[in-house]
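[1] quick one: sequence and predicted model below, then my questions.
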Amino acid sequence: MSVGATLGAAVRDLFDNSWRLVPVNAAFGAVLVAVGVATIAVHAAVVLAVLAGPLAAALLHCAVTLVRTGNVAFADAREGLRMHWRRGLQLGAAGTGLAVLAVVAVRFYTRTTVGWPLAFLTVYLVVLLGIYAVVLATLAIAEPDRKLRSAAREAAALGARRPGATLLLGLALLLVNLAGIAAAVMPFLTFTVAYSFVAVARFVLPKEHH
């Protein structure tokens, strides 16, 4: 499926199931906002971002279920949280570590007179790693019995097979979420993350014939 078709199909999926996906997206977004506010007061509070991992896993489980079956229910979010909370913590810890390293590196480089090119390169690499991480997480949630190492190899192989399409999809979804944050944060808190997860699931998972 092309990137354009993937994004269009995800819009239809979200439109048909928004009332089921929005509450889970809102819970995930609320945790991220709470962590952001707490981190402003106490930098060590960034470790709480790890707790967003299980909620992200539950939302990804809903996205995978929707793509595979055409339907999703509130019970799927509970089931996803029950099934994937440990894996969600692992992925949340990895994502938090990546974000902290990126912030530290960008701050360090921008404070030097010749560091701006390195800061730009750091942001570029973080975007690439972020795209890879979402693909990896989707594969890991779609096949819970699969080891993370195997899912990581498959995510790398998919990126190698379709590098242009993978990058284009990732950049498009990054812009969607940045636009959601810029628009008073509410779209980000309610549906842009869910939309992104559904789009990635449509892009990553093989089409099933019923």
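    Now that the structure is in, tell me what you want to look at. Residues are numbered from 1 along each chain as shown.
[2] any chance you could map the helices in this structure?
    3-41, 52-69, 74-110, 116-142, 148-161, 163-182, 186-187, 193-204 (DSSP state H).
[3] tell me which of the ones you listed is the most buried.
    helix 193-204 (a mean of 26; mean count of other CB atoms under 10 Å). C-beta coordinates here come from the backbone N, C-alpha and C atoms, glycine included.
[4] same for that one, what does it pack against?
    Helices and strands touching helix 193-204, by 3 or more CB pairs under 8 Å, 6 or more residues apart in numbering; DSSP states H and E, are helix 3-41, helix 52-69, helix 116-142, helix 163-182.
[5] ok, the closest residue to Asn25 other than its chain neighbours to Arg78 distance?
    Of all residues not flanking Asn25 in the chain, Ala194 sits nearest, at 4.2 Å (CB to CB, 6 or more residues apart in numbering). Applying CB to CB, to the nearest Å, the value for Ala194 to Arg78 is 16 Å.
[6] likewise Arg153?
    Taken as CB to CB, the span from Arg153 to Arg78 is 31 Å.
[7] can you pull up the most central residue in the protein?
    Using CA atoms, centre = their mean, the residue of the chain that lies closest to the mean C-alpha position is Val134, 4.7 Å off.
[8] ok, now how distant is that residue from Val198?
    Taking CB to CB, one finds Val134 at 12 Å from Val198.
[9] and stretch 20-38, how far out from the chain middle?
    13 Å (CA atoms, centre = their mean, to the nearest Å).
[10] how about low-confidence regions in the chain?
    40-45, 207-210 (pLDDT under 70).
[11] ok, Leu205 - contacts?
    64, 67-68, 138, 142 (CB atoms under 8 Å, 6 or more residues apart in numbering).
[12] could you check how far Ala9 is from Leu81?
    Ala9 is 25 Å from Leu81, by CB to CB.
[13] what residues does the closest residue to Gly130 other than its chain neighbours make contact with?
    Counting by CB to CB, 6+ apart, Gly130 lies nearest to Gly170, which is 7.2 Å off, once chain neighbours are set aside. Contacts here follow CB under 8 Å, 6+ apart; on that basis Gly170 touches 127-128, 130-131, 134.
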